[in-house]
Each structure stands twice: as C-alpha cells, then as structure tokens.
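Novice: Here's my sequence, what's the structure:
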Amino acid sequence: MKTSFVSNLAMQNAMRLTIGRGQNEIQKLNTEVVTGRYADIGLALGAKASNSVTLNSDVSRLKGILDSNALVTQRLSAAQASMDVMSDAAQQMLEAFISVNGSDDANRLLIAQRDVETALDAFTTAANTSSNGEYLFAGINTNTQPLEDFLAPGSPPKVAFDATFLGHFGFTQDDPAAANITVAQMNNFITTVLEPAFTGAAWTTDWSSASDTNVSSRILKNEIVDSSTNANVEGMRNFALAAVMGVELINSPISAEVRASLNKTAIEYAGAAVTGIDNERSMLGVSENRITKANTALESQIRILTLHLGDVEGVDPYEASTRMNSLLAQVEASYTLTARIQQMSLMNYL
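Specialist: Here you go, the predicted model:
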C-alpha cells in the first residue's frame with residue numbers, strides 16, 4: 001500500500017484562499033444589506049442591466065430639474081419681494097400727486113416732490129436688485145444693471161430730460177419764464193415729446209439696459225416658464241414718466257392752471273404704473289404656481305421610478321443578512337482551523 005501526504009503549508013494556503021473569498025463575499029453582502037440593491041448590478045442582472053441604467057438616468061434627470069426649479073423659485077421669490085417694493089413706491093407716488101391735486105401751496109408741493117423722489121429712489125433700488133450675482137429685471141442681460149438712477153448727479157436720463165425741455169421751450173424747467181407756458185403747450189410737450197421718450201427707443205438709450213426678452217426656465221420636460229420680468233415693461237416706464245413729472249415739473253414755476261392739468265396727467269400715469277406693476281407680479285405668481293405643480297409631478301415620477309428600480313435592482317435584505325451571517329460563521333471556523341494547522345509540527349512527535 002502506497003502512502004501519500006499533504007503538507008500543512010498547502011493546507012494553510014488553501015484555507016487562506018477560502019478566507020479571502022469569504023471576506024470578499026461578506027463585503028458584497030454587507031453592501032447589499034445596507035443599500036438594499038445588488039452590489040454588482042452588471043453581474044447580477046446581465047443583459048437586463050440596461051434597464052437599471054435607463055431608470056437611474058431618468059431619476060437623475062428628474063432630480064436635476066427639481067434642483068433647477070428650486071433656484072428658479074428662489075429667483076421668483078426675490079423678484080416678487082422687489083416688485084412689492086415697486087408697487088408700494090408707485091402707490092406712494094400716486095398718493096403724493098393726489099395730495100396736491102388742485103393745490104398751489106408751496107409747502108405742500110415741496111413735500112409732494114420729496115415724496116416722489118423717495119418713491120423713485122426706492123423703485124430704482126428695487127429694479128436693480130440682484131440674486132446670486134444676476135440682476136432680476138434685466139431680462140436675459142443678467143450681468144448688466146438694468147435701470148439708470150435718475151436722481152444721481154449727471155445721470156443720462158436727467159441730462160436727456162433737461163435737454164428735451166430746453167430744446168422744446170427754449171428755457172429750463174426752473175426758469176421763471178415757465179410761468180408763461182399754457183395748458184395746451186404743456187399737454188403738447190407731454191404727449192408728443194416727453195411720453196415718446198419713455199415709450200420709444202429713447203428709453204433704452206437713456207434709462208434702461210435691460211433686454212425685452214425675459215429669462216425662461218424649463219420646469220418639466222415639455223414645459224417652460226418665464227422666471228423673471230424686465231425693466232422695459234409698460235408699468236415701469238409709466239412709473240418713471242410719472243416720477244419725472246413729479247420731480248421736475250410739479251414744483252416748477254408754472255401757473256396754477258398748468259400745474260392742475262399736469263398733476264391730473266401725472267395721476268393717470270402713476271395709476272397706470274400701479275396697475276402695470278401689479279400685473280407683472282401676477283404673471284410671476286402664475287409662474288410660481290406652475291413650478292409648484294411641476295414639482296409635485298416630478299416628485300410623483302421619481303417615486304414611481306424609484307419603486308421600479310427597487311424591483312429591478314433590489315435584493316431581499318433578510319436573505320442577504322442570513323447569507324452574510326452564515327459566511328461569517330464559516331470564516332470564523334476557517335480562522336480557527338488555520339490556527340490549529342499552524343500549530344502542527346513534527347517536533348511535537350519527536
């Protein structure tokens with residue numbers, strides 16, 4: 001009879017390989033227990049792994065739109081806050097004109113003029129509001145301050161108004177000769193010279209650097225909304241026009257009759273400014289509501305896709321945990337057996 005032998009070194013190496021494979025499998029099972037999905041999707045699903053890739057891509061895309069919508073919502077909220085200030089300023093200006101309607105009292109006129117200046121300053125500051133480094137009312141020209149400050153020394157709109165008045169009447173608005181202006185002449189100046197400077201091309205030359213094109217944002221795969229307005233809208237032009245009349249003309253040395261007619265026209269422009277600004281606020285509110293509904297739809301889609309992903313990639317955590325515990329027991333036994341093998345030596349038998 002022939003006797004063969006196996007060295008304890010060979011046995012140790014075999015046990016070491018067994019332990020290594022067991023540890024790798026335990027690590028994989030631990031990942032599956034923690035995540036609830038296969039540790040190696042490609043190995044587990046084979047050709048069906050493409051379904052997992054597609055579903056994960058769709059979920060990532062939808063989450064990206066949700067994140068984008070959060071930024072759009074922040075932008076709209078900031079715009080609404082600024083337009084609240086503009087609306088209040090327009091209302092303050094309107095009340096200032098109403099307070100001196102039919103009055104020629106110097107003190108009241110001075111107070112009204114200062115109130116209009118305060119309203120214009122607040123309006124300009126709000127119109128030049130920025131969020132995350134982008135101007136909210138510049139349209140797509142988000143890196144450009146949209147509105148000039150009329151009250152700033154040497155500002156383009158102030159210079160343009162002074163030149164326009166002087167060119168039309170032959171003297172400045174503060175000249176005592178302004179007392180000789182008739183109602184017809186003032187109305188003609190306002191309707192044929194001053195108003196076109198705010199409704200025509202001169203507006204973008206002297207006052208505004210904003211684009212007429214608003215920033216738009218995709219809130220769903222097939223839905224896009226305007227996420228801003230711009231300083232060129234009618235309500236803001238009417239505000240500037242009424243404000244200039246209040247700052248430059250309401251307290252000028254014109255006759256009481258001309259002042260009454262001028263103030264009546266200013267009230268109309270200020271009222272149009274209030275209405276126009278509030279209309280823009282309503283339009284932004286519609287966009288906010290559409291985003292809220294879009295987010296609800298996106299969250300529902302993500303939940304459905306996530307459930308489907310669970311069916312495709314999911315593992316039974318109880319089964320994975322049981323297998324892991326079994327492997328842990330086997331590895332522990334292998335450690336014990338390896339330790340005993342290492343203690344085997346011929347010296348123990350000599």
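Novice: C-alpha from now on. contacts and neighbour counts both.
Specialist: Noted.
Novice: Surely Phe97 is in a strand?
Specialist: No - Phe97: not assigned to a strand; according to DSSP: H, G, I helix; E, B strand; the rest coil it is helix.
Novice: I'd like the distance between it and Ala119.
Specialist: From Phe97 across to Ala119, the span is 12 Å (C-alpha to C-alpha, to the nearest Å).
Novice: Strands of the stretch 201-350 of the chain, start to end?
Specialist: 216-220, 223-226 (DSSP state E, counting those that start in this stretch).
Novice: Distance to Thr275, mean neighbour count and mean pLDDT added to those, as JSON lines?
Specialist: Putting the strands of the stretch 201-350 of the chain into JSON lines (distance: least, C-alpha to C-alpha, whole Å; neighbours: other C-alpha atoms under 10 Å; pLDDT from 0 to 100) gives the following:
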{"stretch": "strand 216-220", "distance to Thr275": "24", "mean neighbour count": "19", "mean pLDDT": "89"}
{"stretch": "strand 223-226", "distance to Thr275": "20", "mean neighbour count": "16", "mean pLDDT": "90"}
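Novice: Go through those and name the closest to Thr296.
Specialist: Nearest to Thr296, of all the strands of the stretch 201-350 of the chain, is strand 216-220, at 10.7 Å by C-alpha to C-alpha.
Novice: buried set for stretch 58-67?
Specialist: Neighbour counts over stretch 58-67 (16 or more other C-alpha atoms under 10 Å) mark 58-59, 62-63, 65-66 as buried.
Novice: Which pair in those residues has the greatest spatial separation?
Specialist: Asp58 and Leu66 (12.4 Å).
Novice: just to revisit the earlier point, nearest to Ile267, out of the strands of the stretch 201-350 of the chain?
Specialist: That would be strand 223-226 among these, by C-alpha to C-alpha, at 30.7 Å.
Novice: Export that closest one to CSV, keeping only CA atoms.
Specialist: Coordinates of each C-alpha in strand 223-226 appear next as CSV, following Å, rounded to 0.1, in the frame of the first residue of the first chain:
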residue,chain,number,x,y,z
GLU,A,223,-42.9,73.0,-20.0
ILE,A,224,-41.0,76.3,-19.9
VAL,A,225,-42.0,79.4,-17.9
ASP,A,226,-40.7,83.0,-17.7
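Novice: Please name every helix or strand in contact with that strand.
Specialist: strand 216-220, helix 256-313 (3 or more C-alpha pairs under 8 Å, 6 or more residues apart in numbering; DSSP states H and E).
Novice: quick one, which of those is nearest to Ala81?
Specialist: helix 256-313 (9.5 Å).
Novice: Same list (the helices and strands packed on strand 223-226) but as CSV, adding distance to Gln91.
Specialist: Shown next, in CSV, are the helices and strands packed on strand 223-226 (distance: least, C-alpha to C-alpha, whole Å):
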stretch, distance to Gln91
strand 216-220, 29
helix 256-313, 6
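Novice: sorry, back to before: same list, the strands of the stretch 201-350 of the chain, but as a markdown table with distance to Glu299 please.
Specialist: Shown next, in a markdown table, are the strands of the stretch 201-350 of the chain (distance: least, C-alpha to C-alpha, whole Å):
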| stretch | distance to Glu299 |
| --- | --- |
| strand 216-220 | 11 |
| strand 223-226 | 16 |
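Novice: Which one, of these, ends up nearest to Thr182?
Specialist: Minimum separation from Thr182 across the strands of the stretch 201-350 of the chain (C-alpha to C-alpha) falls at strand 223-226, 45.5 Å.
Novice: quick one: strands adjacent to the closest one?
Specialist: Paired strands of strand 223-226, with direction, are strand 216-220 (antiparallel) (DSSP bridges).
Novice: how far is the partner strand from where the chain is centred?
Specialist: Strand 216-220 has its average C-alpha position 11 Å from the chain's average C-alpha position, going by C-alpha atoms, centre = their mean, to the nearest Å.
Novice: now swap in stretch 130-141 and tell me
Specialist: With C-alpha atoms, centre = their mean, you get 10 Å for stretch 130-141.
Novice: try stretch 237-257
Specialist: Stretch 237-257 has its C-alpha centroid displaced from the chain centroid by 36 Å (C-alpha atoms, centre = their mean).
Novice: List the contacts of it.
Specialist: 90, 93, 97, 103-104, 106, 109-110, 112-114, 116-117, 120, 173-181, 183, 194-195, 198-199, 231, 259, 262-263, 266-267, 269-270, 272-274 (C-alpha atoms under 8 Å, 6 or more residues apart in numbering).
Novice: tell me which residues in stretch 130-139 are buried?
Specialist: Going by 16+ other C-alpha under 10 Å, stretch 130-139 has these buried residues: 130, 134-139.
Novice: Restrict stretch 233-251 to CA atoms and write it as PDB.
Specialist: Output of stretch 233-251 as PDB, limited to C-alpha atoms (Å, rounded to 0.1, in the frame of the first residue of the first chain):
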ATOM      1  CA  VAL A 233     -42.400  96.600 -19.300                       C
ATOM      2  CA  GLU A 234     -45.100  99.300 -19.500                       C
ATOM      3  CA  GLY A 235     -45.700  99.600 -15.800                       C
ATOM      4  CA  MET A 236     -42.100 100.500 -15.100                       C
ATOM      5  CA  ARG A 237     -42.000 103.000 -18.000                       C
ATOM      6  CA  ASN A 238     -45.100 104.700 -16.700                       C
ATOM      7  CA  PHE A 239     -43.600 104.800 -13.200                       C
ATOM      8  CA  ALA A 240     -40.500 106.600 -14.500                       C
ATOM      9  CA  LEU A 241     -42.600 109.000 -16.600                       C
ATOM     10  CA  ALA A 242     -44.800 110.000 -13.700                       C
ATOM     11  CA  ALA A 243     -41.800 110.300 -11.300                       C
ATOM     12  CA  VAL A 244     -40.000 112.600 -13.700                       C
ATOM     13  CA  MET A 245     -43.100 114.800 -13.900                       C
ATOM     14  CA  GLY A 246     -43.300 114.900 -10.100                       C
ATOM     15  CA  VAL A 247     -39.600 115.600  -9.500                       C
ATOM     16  CA  GLU A 248     -39.000 118.100 -12.300                       C
ATOM     17  CA  LEU A 249     -42.300 119.800 -13.100                       C
ATOM     18  CA  ILE A 250     -44.900 119.600 -10.300                       C
ATOM     19  CA  ASN A 251     -43.000 122.200  -8.200                       C
END
